[in-house]
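Chemist: pasting the sequence and the predicted coordinates here, then a few questions.
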Amino acid sequence: MTLLLAAVLGVVIGLVIGAFGGGGGVLTVPVLVYVLGQSAHDATTGSLIIVAATALTGTLARVRCGHVRWGTGIAFGAVGVPAAALGSVLSARAPEHVLLLGFAGLTLLAAVALLIEASGERRHDDVSAGGGIAVMAPPVTALAVRIVLAGALVGFLTGLLGVGGGFLAVPALIIGLRLPMTSAIGTSLLVITLNSVAGLATRAGSIDVDPAVVLPFAAAAVVGTLVGKRLTDKVSGPALATAFAVVIGLTGVFVGLEALL
């Protein structure tokens, strides 16, 4: 029964990652904790494995569409890798309820920021032909500073909370770096892959997960990722951003209430 449940939930997580370029870790951690009965620390490690596999699959699927900004993604990830390592070290020492409350708070902030951005773009009817949010790029110097700051923050939180960082990377790429939604999704998946692998590397000597849960979960999530991409290829950027914000916002509310109670 656990195997079947893990597979079904994996497909759902994969659909979210494939459609939105993030949010998989935001959903995976609560599912592993509240549905499959794992501790928060074990769930954060299992989540990194699952999200790394699905993000890599999503990145490769979007490369041929030209939706991956390699330079931005690699720079973003390079800054985030050492930050993710630091976050992973601190995660092992943080109380469980603190991890979950921090997780919930950051999820809600990301959701609100993305809703504000998406509603603003919809009002201005400024949607690109490729389905993304069309915005003006910042100057080169400002862009470099934003990449460093956003990459470090997302990387640190990836290691600390056991998420790929997509729920923060997508808003950061859209709001901070002014990428269209389609490019933000593809680039976010690259960043998630780099950050997740870095987070796992720091835990290599102490990885303790249940393969009977994690492996079928990851395999099903990979399939869901490919399906999610196909379902959302023709959806407008603001619509995708709004849907993503709602999903991670509701998840944040649920996790916050559970942690408090």
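Modeler: That came through, no problem.
Chemist: so where is the stretch 1-150 of the chain shaky, pLDDT-wise?
Modeler: Applying pLDDT under 70 to the stretch 1-150 of the chain picks out residues 1-2, 23, 120-140.
Chemist: break down it into its strands, ranges please.
Modeler: Here the stretch 1-150 of the chain has no strands by DSSP state E, counting those that start in this stretch.
Chemist: what about I17, how many residues close to it?
Modeler: 33 (other Cβ atoms under 10 Å). The way it works is simple: take the backbone N, C-alpha and C, and place the C-beta from them, glycine included.
Chemist: list the contacts for the closest residue to it other than its chain neighbours?
Modeler: Sequence neighbours aside, G24 is the residue nearest to I17 in space, at 3.9 Å (criterion: Cβ to Cβ, 6 or more residues apart in numbering). For G24, the contact set (Cβ atoms under 8 Å, 6 or more residues apart in numbering) comprises 13-14, 16-17, 47, 50-51, 54-55, 163-164, 166, 192, 221.
Chemist: pretty sure V148 is touching V79, no?
Modeler: Yes. The criterion here is Cβ atoms under 8 Å, and V148 meets it with V79 at 5.4 Å.
Chemist: what about those two, which has more around it?
Modeler: Taking other Cβ under 10 Å, V148 and V79 do not tie; V79 has more neighbours (20 against 15).
Chemist: quick one: pLDDT of the closest residue to the more buried one other than its chain neighbours?
Modeler: Excluding the flanking residues, the one nearest V79 by Cβ to Cβ, 6+ apart is G151, at 3.4 Å. pLDDT recorded at G151 is 86.
Chemist: what's the distance between G151 and A55?
Modeler: Distance, G151 to A55, using Cβ to Cβ, to the nearest Å: 16 Å.
Chemist: what's near enough to touch T107?
Modeler: By Cβ under 8 Å, 6+ apart, the neighbours of T107 are 26, 167, 248-249, 251-252, 255.
Chemist: just among those residues, which is most surrounded?
Modeler: Counting neighbours by other Cβ under 10 Å, the top entry in the contacts of T107 is F167, with 35 neighbours.
Chemist: which residue packs closest to that one, ignoring adjacent ones?
Modeler: V26 (4.5 Å).
Chemist: same question, F244
Modeler: Nearest in space to F244, with sequence neighbours left out and distances taken as Cβ to Cβ, 6+ apart, is F20 at 4.1 Å.
Chemist: quick one: contacts for that neighbour?
Modeler: By Cβ under 8 Å, 6+ apart, the contact list for F20 reads 166, 170, 185, 228, 232, 240, 243-244, 247.
Chemist: quick check: it vs V255, distance?
Modeler: 18 Å.
Chemist: the longest helix seen in the chain: how far from the chain's middle?
Modeler: Criterion DSSP state H: the longest helix present in the chain is helix 96-124. On the basis of Cα atoms, centre = their mean, to the nearest Å, helix 96-124 sits 12 Å off its chain's mean C-alpha point.
Chemist: give the buried residues for that helix.
Modeler: Within helix 96-124, the residues scored as buried using 16 or more other Cβ atoms under 10 Å are 99-104, 106-108, 110-111, 113-115, 117-118, 121-122.
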